[in-house]
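J.: sharing a model that was predicted from the sequence below.
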Amino acid sequence: MSAPLNSVDDQDEASTLREIARVLQGLRFGAVEITVHNGQIVQIERKEKIRLQAARSRQA
């Protein structure tokens, strides 16, 4: 059983979940951190990593 999701500024659960989904869109490598204070979501943070291909060894 899960507790109801409370969010900042009295947003409803559906709009909070939409915001989390929006943050996840297009994220290939990284993390999404949801900060909760006193049972309410107070911050959603997206950390994105950009993976570069390894440099090919140079031929002499």
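T.: Thanks, I have the structure now.

J.: any low-confidence regions in the chain?
T.: 1-11, 55-60 (pLDDT under 70).

J.: redo that, cut-off 80
T.: 1-11, 54-60 (pLDDT under 80).

J.: geometric centre of it: which residue is closest?
T.: Val32 (2.5 Å; CA atoms, centre = their mean).

J.: which residues does that residue bridge with?
T.: Arg46 (DSSP bridges).

J.: distance of it from Ala54?
T.: For Val32, the distance to Ala54 (CB to CB, to the nearest Å) stands at 27 Å. Where C-beta positions appear, they are placed from N, C-alpha and C, glycine not excepted.

J.: what ranges do the helices span in the chain?
T.: 13-24 (DSSP state H).

J.: and the strands in it?
T.: Secondary structure of the chain, counting by DSSP state E: strands at 30-37, 40-48.

J.: Glu19: which of the ones you listed is closest?
T.: strand 40-48 (6.4 Å; CB to CB).

J.: quick check: angle from the closest one to strand 30-37?
T.: Per axes from the mean of the first three to the mean of the last three CA atoms, to 10 degrees, the angle that strand 40-48 makes with strand 30-37 is 160 degrees.

J.: give the buried residues for strand 40-48.
T.: Within strand 40-48, the residues scored as buried using 16 or more other CB atoms under 10 Å are 41, 44.

J.: distance between it and the chain's centre?
T.: From the chain centre to the centre of strand 40-48 is a distance of 6 Å (CA atoms, centre = their mean, to the nearest Å).

J.: please apply the same query to stretch 34-53.
T.: 4 Å.

J.: now the end-to-end length of it.
T.: Stretch 34-53 has its terminal residues 30 Å apart, counting by CA to CA, to the nearest Å.

J.: contacts only, for Glu48.
T.: 27, 29-30 (CB atoms under 8 Å, 6 or more residues apart in numbering).

J.: I am finished for the moment; much appreciated.
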